[in-house]
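>>> need coordinates for the following:
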Amino acid sequence: MRIQVEYDGDGRITAVAGVVAIEHSDGSVSRASRVARPSHYVLEVDTDEMSHERDTDGLRRILDSYLIAGHPREAKLIRRDTAG
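Predicted coordinates for the structure are as follows:
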């Protein structure tokens, strides 16, 4: 599932959200996007931790168990227990 992860310069995740699709009356689809707070960044990634867009347990697992490594050029989501 595709998610948006907000994180700081040290790779600490501060917010996680599913990617939200918005269907318009003309049939077109757009997406809502997070706006990063000052000194924060947003990364859009795919993850298997979530089963659907309203999976709050999956969002919590990502927030508690993952961080962002390789910022800024090779930013990617990794498990904290594999960071090193």
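>>> doesn't residue 63 fall inside a helix?
Yes: under DSSP: H, G, I helix; E, B strand; the rest coil, residue 63 sits within a helix.
>>> need the contact list for it.
Each residue near residue 63 by Cβ atoms under 8 Å, 6 or more residues apart in numbering is listed here: 13, 15-16. All C-beta spots, glycine's among them, are computed from the backbone N, C-alpha and C.
>>> one more: residue 59?
Applying Cβ under 8 Å, 6+ apart, the residues near residue 59 are 3, 16-18, 50.
>>> so among those, where is pLDDT lowest?
Ranked by pLDDT, the contacts of residue 59 bottom out at residue 18 (84).
>>> quick one: neighbours of it, just the number.
As a burial measure, residue 18 scores 18 neighbours (other Cβ atoms under 10 Å).
>>> am I right that it is in contact with residue 5?
No: Residue 18 lies out of contact with residue 5 (Cβ atoms under 8 Å); the separation is 10.8 Å.
>>> so what's the residue count around residue 80?
13.
>>> how far away is it from residue 55?
Computed as Cβ to Cβ, to the nearest Å, the residue 80 to residue 55 distance reads 20 Å.
>>> please apply the same query to residue 41.
23 Å.
>>> picking that back up, of all the contacts of residue 59, which two lie farthest apart?
17 and 50 (10.6 Å; Cβ to Cβ).
>>> quick one: the strands in the chain?
2-8, 13-18, 20-23, 29-32, 40-46, 66-69, 76-79 (DSSP state E).
>>> who wins for most neighbours among the contacts of residue 63?
Going by other Cβ under 10 Å, residue 16 tops those with 23 neighbours.
>>> was I right to think that one contacts residue 62?
Yes: here residue 16 reaches residue 62: they are 4.9 Å apart, a contact under Cβ under 8 Å.
>>> what touches both of these two?
What both residue 16 and residue 62 touch, as defined by Cβ under 8 Å, 6+ apart, is the set 3, 5.
>>> pLDDT at the spatially closest residue to residue 48 that is not a sequence neighbour, what is it?
Closest residue to residue 48 apart from its sequence neighbours, by Cβ to Cβ, 6 or more residues apart in numbering: residue 1 at 7.6 Å. Looking at residue 1, its pLDDT reads 88.
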